[in-house]
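Q: Give the three-dimensional model of this entry:
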Amino acid sequence: MYIQQSTIHTVSPLLYVMFVEAIRLFEPCPNSNFMKLVRKIHNITLSEISLILFLGITFGSYLDNKFTSLNNLMCLSYDNNNLLVNKSVEFFLYSKYLEWFDTFYIHLSGKPITQLQYTHHMTTALVVYINSMEYISPYMLVPMGLNCLVHIPMYWYFAFPKGVLNKYKRLITVSQIGQHIIVISGGIYTHLKDDCQQNKYGNNIGLIIYFMYLFYFTLFYINSYMNKMIKKK
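A: So this is what the prediction gives:
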């Protein structure tokens, strides 16, 4: 069973490619009230899941004394018996597959699947898995905690795009970019410290993938906000 699960996570980018090709068989229905309702439920659910997982990994890290120093936060290994951390990371991994349906609803809404959307969702499950396949990366709180923290308002905004968070949508994008910069900085910190043991492949592959995220999200910000501001002026 474990071998089957590990294989699925390892080939998850390929599975996502197949998933995208499969959803293209569905006819877009941007005016469907049923689709809009299900999409709203999907986004609310992911916002709530992000909140629960954020609290889980944060409190679990507190129990393992991760907040006593920067070195502990980044380098102190988690207790293998810390059930709260183990389950939070496990559910976080599987939530990345649930996020694939973001792409499905974008397609059903008649909108193009952007390169950002494609590459991001293709790789998230893989990067979480490689940072937990042998043991949970000591600095897992940084990428996971920040990701969950950003996703709480992001998915709530997706559920209610004309709601109270509408005027903060630019800030949500900025927070995503900031998240990637912090994670990259943390990855470099753990990479440079000799006594900071991390997963064998998690650190290097994670850095490469997060640099890719940073590039695409920055490009999205420029195209969505800065170019529009220049045109208005």
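Q: Using the three-state scheme, assign residue 67.
A: Secondary structure for residue 67, judged by DSSP: H, G, I helix; E, B strand; the rest coil, is coil.
Q: Residue 219 versus that one, what's the distance?
A: According to C-beta to C-beta, to the nearest Å, residue 67 and residue 219 sit 34 Å apart. From N, CA and C alone the C-beta is placed, and that goes for glycine too.
Q: Same question for residue 79.
A: Applying C-beta to C-beta, the value for residue 79 to residue 219 is 40 Å.
Q: likewise residue 170?
A: Counting by C-beta to C-beta - residue 170 and residue 219 are separated by 15 Å.
Q: what's the answer for residue 147, then?
A: From residue 147 to residue 219 the distance is 19 Å (C-beta to C-beta).
Q: Which residue of the two possesses the greater neighbour count?
A: Just comparing residue 147 and residue 219: by other C-beta atoms under 10 Å the higher neighbour count belongs to residue 147, 23 against 13.
Q: what helices or strands is the longest helix along the chain leaning on?
A: When the chain is scanned for its longest helix (criterion: DSSP state H), the result is helix 33-63. Judged by 3 or more C-beta pairs under 8 Å, 6 or more residues apart in numbering; DSSP states H and E, helix 33-63 is in contact with helix 83-98, helix 100-108, helix 146-159.
Q: Take those and write them to TSV, including mean pLDDT and distance to residue 61.
A: TSV is the format used below for those (pLDDT from 0 to 100; distance: least, C-beta to C-beta, whole Å):
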stretch	mean pLDDT	distance to residue 61
helix 83-98	97	7
helix 100-108	97	27
helix 146-159	97	12
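Q: Rebuild these as TSV, extending it with distance to residue 114.
A: Shown next, in TSV, are the helices and strands packed on helix 33-63 (distance: least, C-beta to C-beta, whole Å):
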stretch	distance to residue 114
helix 83-98	18
helix 100-108	8
helix 146-159	15
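Q: For residue 210, which of these is the nearest?
A: Minimum separation from residue 210 across the helices and strands packed on helix 33-63 (C-beta to C-beta) falls at helix 146-159, 10.6 Å.
Q: Downstream of the closest one, the next helix or strand is which one?
A: Counting by DSSP states H and E, the next helix or strand C-terminal to helix 146-159 is helix 169-192.
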